[in-house]
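Participant: give me the fold of what follows.
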Amino acid sequence: MLIEKLITYLALVIYLVVPSRLCEGALNSKNDITVIEPVRGAMWISGQHSYPITWTQSKFCFKWNIELLDIEERKVAQISTGLSEFKEGSMRHVWLIPPTIQNGDYVIKICENSAPENCGRSNSFFIRTTKEIGHAEDTDFDAFSPIHTPQMKETLTFSGNATNNERSAVQRRLPHELRRQKRTERERLYFKYMSERIRHDPDQLQCAIERVHRPSKETFVEQYMKPRKPVILTGMMDNWEAMKSWSFDKLGSILTKGVKVDIMENTTPYSQWNEFRALFADMYKDPAQVIMTDFHQIYPELMDAINFPKFSKDYFEEVVDEDIRPPQLSFEMAPTRSGFHWRVEALNASLWSALIQGKKLWGLYPPSKYYVPGVNHNNHRTQNSQQSESFTWWIYTKPELQDEHKPQECLQEAGEILYIPSGWWWSNVNVDDTITMQKSFCDETNIRSCMDELKELGDSIADNFHADVYIQLRNYLAIHDPGFLTDDDRQFKSPIRDLGQTNSDHGENFHQNVWKKYFEEGIDDAKFSSNRDDEANV
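Facilitator: This next block holds a predicted model:
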């Protein structure tokens with residue numbers, strides 16, 4: 001009898017207490033619900049893909065209702081009702097998007113089951129159908145069939161003279177080849193969608209880099225150069241002749257000596273580059289770019305068309321001899337979709353990037369971020385570029401990052417100069433065909449970083465180029481700013497003999513000495529015989 005009363009009492013307690021504790025928010029409406037995923041700007045694909053929905057709370061709720069809303073807060077789908085989920089930290093629910101969800105911008109709404117007025121909403125994100133992203137319809141192709149696009153139709157179209165072997169060689173591709181075709185086509189459409197959104201609605205990309213119009217030298221040095229803060233300068237290229245005459249069409253009559261395309265070994269006629277640009281702009285892998293670090297030597301007559309800001313001393317340009325001066329100027333012509341992987345500017349230099357034509361999407365991380373999330377790097381803090389195009393990081397990795405781990409982004413317009421301080425990570429993607437002039441430099445604010453990098457390279461790379469540059473800078477500073485140098489600076493010696501010679505001179509002298517030793521002076525026969533006798537005795 002006593003046991004029965006005890007059971008009844010426990011049942012009554014459970015009935016009265018537990019429901020009220022399922023969500024503490026039911027009694028206290030101040031439960032803060034924060035939706036972490038989907039992140040702002042993420043792209044989800046309907047029909048065949050599952051995606052995580054994650055959130056946190058400030059109180060203790062155990063049951064949840066999750067809804068999909070359109071951008072006008074209208075309910076589109078009930079993702080889950082009465083979902084039981086509680087964890088210390090973030091909670092997670094994986095949702096397979098039904099194929100009935102149409103293209104559009106959406107938000108996720110998560111509410112307490114017992115207190116539906118307590119809700120949290122995600123940032124806006126995109127849902128696209130598999131058909132738009134480039135997946136084949138199951139009714140038309142099997143699971144490993146190529147994507148049906150104009151480019152791939154050509155690979156499946158045969159002339160009347162094609163043999164059966166030629167047909168089967170194309171039709172019977174290996175599964176991994178077909179999967180790669182699907183992936184690359186999907187990436188092409190991803191980029192197309194991303195670039196179109198940026199072109200048509202640039203305001204949706206909130207620029208995190210300050211713009212300033214024609215700053216004075218004092219303003220720039222104090223507010224940006226000394227604190228090493230990136231900035232976009234406007235109005236500084238208004239008087240550049242290049243802004244008038246360096247279009248893709250006009251350059252045809254100017255670049256008569258040819259250009260250096262990265263996929264070609266030698267200088268290429270400009271007309272051939274235009275063919276590359278048209279051919280590779282819509283290709284899947286590594287669009288061909290013109291990158292000329294010796295542009296000022298091939299076309300010195302065009303240097304009057306540009307005029308980078310002169311806000312401080314440039315040690316490379318003013319101190320280092322021209323024959324060993326590090327490459328500073330870079331002329332670039334790049335098609336849509338090309339760009340640069342994540343990197344820190346060589347020699348820890350600062351960078352001017354002047355955009356003459358097109359639009360360029362930039363991402364920056366401060367020096368405190370030693371490695372960029374989601375990429376592999378080599379020892380020189382440069383992303384391993386052998387695995388993918390530069391833009392794949394932007395469509396695969398960036399949407400999955402939490403806000404505090406995302407880069408500073410901005411869309412650079414033609415006529416603007418981006419200043420990237422020493423030590424900052426940078427990556428870019430060309431939203432349009434672009435023409436860019438870049439200049440790296442070492443000034444008063446980053447001379448220490450440049451010197452340390454030169455010293456490190458001079459001590460580890462098997463040539464004396466970096467050591468020569470370092471020695472010249474050290475000799476200059478010893479006269480003009482002796483207090484700048486440390487004991488380690490003064491004690492540094494190049495590991496390469498004959499310091500002061502160019503690499504070619506050093507190599508030529510080395511081989512002459514070897515020839516003289518072995519073929520002109522001859523080998524010491526007595527010493528040679530003694531060595532042979534010792535070997536025989538052993």
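Participant: need the pLDDT of C410.
Facilitator: We have a pLDDT of 94 for C410.
Participant: where in the stretch 351-500 of the chain is pLDDT low?
Facilitator: 377-389, 461-463, 495-500 (pLDDT under 70).
Participant: in it, what residue spans correspond to strands?
Facilitator: Counting by DSSP state E, counting those that start in this stretch, the stretch 351-500 of the chain has strands at residues 359-365, 408-413, 416-420, 425-430, 434-441.
Participant: pick the most buried one from those.
Facilitator: Neighbour counts (mean count of other CB atoms under 10 Å) averaged over each of the strands of the stretch 351-500 of the chain peak at strand 425-430, with a mean of 24. Yep, even glycine has a C-beta here, placed from its N, CA and C like the rest.
Participant: for it, name the packing helices and strands.
Facilitator: strand 339-344, strand 359-365 (3 or more CB pairs under 8 Å, 6 or more residues apart in numbering; DSSP states H and E).
Participant: can you pull out the strands in the stretch 151-300 of the chain?
Facilitator: 211-213, 231-234, 290-292.
Participant: swap in the stretch 1-150 of the chain?
Facilitator: 33-37, 43-46, 50-57, 63-70, 75-84, 91-96, 104-112, 119-121, 125-129.
Participant: which of those sits closest to M225?
Facilitator: Proximity to M225 (CB to CB) singles out strand 33-37 among the strands of the stretch 1-150 of the chain, at 36.9 Å.
Participant: count of neighbours near T256?
Facilitator: Residues lying near T256 (other CB atoms under 10 Å) number 9.
Participant: contacting residues for it?
Facilitator: By CB atoms under 8 Å, 6 or more residues apart in numbering, the contact set of T256 is Y270.
Participant: try it again at 10 Å.
Facilitator: Residues near T256 by CB atoms under 10 Å, 6 or more residues apart in numbering: P269, Y270, Y299.
Participant: quick revisit: JSON lines for the helices and strands packed on strand 425-430, including distance to N118?
Facilitator: Formatted as JSON lines, the helices and strands packed on strand 425-430 follow (distance: least, CB to CB, whole Å):
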{"stretch": "strand 339-344", "distance to N118": "41"}
{"stretch": "strand 359-365", "distance to N118": "36"}
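Participant: and those strands: which comes nearest L457?
Facilitator: Using CB to CB, the nearest of the helices and strands packed on strand 425-430 to L457 is strand 339-344, at 13.3 Å.
Participant: check which residues of the closest one are buried.
Facilitator: By 16 or more other CB atoms under 10 Å, the buried positions in strand 339-344 come out as G339, F340, H341, W342, R343, V344.
Participant: span of stretch 297-316 from start to end?
Facilitator: End-to-end distance of stretch 297-316 (CA to CA, to the nearest Å): 17 Å.
Participant: my bad, stretch 115-123
Facilitator: Start-to-end, stretch 115-123 (CA to CA) is 22 Å.
Participant: again, but for stretch 423-434
Facilitator: 25 Å.
Participant: again with stretch 324-335
Facilitator: Span of stretch 324-335 from end to end, CA to CA: 32 Å.
Participant: repeat for stretch 217-232
Facilitator: From start residue to end residue, stretch 217-232 stretches across 15 Å - CA to CA.
Participant: quick one: mean pLDDT over that stretch.
Facilitator: pLDDT averaged over stretch 217-232 gives 96.
Participant: what residues of it count as buried?
Facilitator: F220, V221, Y224, M225, R228, P230, V231, I232.
Participant: shouldn't L485 be in contact with K455?
Facilitator: No. Counting by CB atoms under 10 Å, L485 stays clear of K455, with 11.4 Å between them.
Participant: who's more crowded, the two?
Facilitator: K455 (20 against 15).
Participant: list the contacts of the more buried one.
Facilitator: K455 touches H466, A467, Y470, I471, L473, R474, D488, D489, F492, S494, counting by CB under 10 Å, 6+ apart.
Participant: same deal with G374?
Facilitator: By CB under 10 Å, 6+ apart, the neighbours of G374 are W342, Q383, W393, Y396, T397, K398, E400, L401, H405.
Participant: residue contacts, the nearest residue to F126 once chain neighbours are set aside?
Facilitator: Closest residue in space to F126, ignoring its immediate chain neighbours: M43 at 4.7 Å, by CB to CB, 6 or more residues apart in numbering. Contact partners of M43, counting by CB under 10 Å, 6+ apart, are Y51, F125, F126, I127, R128, I133, Y190, Y193, M194, I395, Y396, P399.
Participant: closest to V107 out of these?
Facilitator: F125 (7.4 Å).
Participant: surely the closest one meets I108?
Facilitator: Yes. At 8.1 Å, F125 and I108 qualify as touching, with contact defined as CB under 10 Å.
Participant: quickly list what's touching both of the two.
Facilitator: With CB under 10 Å, 6+ apart, F125 and I108 have common neighbours E37, P38, Y51.
Participant: distance of the last one from W95?
Facilitator: Read that as Y51. According to CB to CB, to the nearest Å, Y51 and W95 sit 6 Å apart.
Participant: go on, the second one?
Facilitator: With distances defined as CB to CB, the gap from P38 to W95 amounts to 10 Å.
Participant: with R121 instead?
Facilitator: Distance from R121 to W95, by CB to CB: 16 Å.
Participant: now G423
Facilitator: From G423 to W95 the distance is 41 Å (CB to CB).
Participant: my read: S50 touches W44, true?
Facilitator: Yes. The criterion here is CB under 10 Å, and S50 meets it with W44 at 9.5 Å.
Participant: what's the overlap in contacts for the two?
Facilitator: W95, I97.
Participant: the two: which is more packed in?
Facilitator: W44 (17 against 9).
Participant: so what pLDDT did that one get?
Facilitator: Model confidence at W44, given as pLDDT, is 86.
Participant: what does the one 5 residues further on give?
Facilitator: The pLDDT attached to H49 in the predicted structure is 68.
Participant: next, the contact list for Y190, please.
Facilitator: M43, I45, R128, I133, G134, F391, T392, W394, I395, Y396.
Participant: could I get the shared contacts of F125 and I108 as a markdown table with neighbour count and distance to K439?
Facilitator: A markdown table is the format used below for these (neighbours: other CB atoms under 10 Å; distance: CB to CB, whole Å):
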| residue | neighbour count | distance to K439 |
| --- | --- | --- |
| E37 | 20 | 41 |
| P38 | 25 | 40 |
| Y51 | 18 | 43 |
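Participant: let me know the closest of these to P215.
Facilitator: The closest of those, once distances to P215 are taken by CB to CB, is P38, at 38.7 Å.
Participant: what's the neighbour count on the closest residue to the closest one other than its chain neighbours?
Facilitator: Counting by CB to CB, 6+ apart, P38 lies nearest to F125, which is 4.1 Å off, once chain neighbours are set aside. Neighbour count of F125, defined by other CB under 10 Å: 19.
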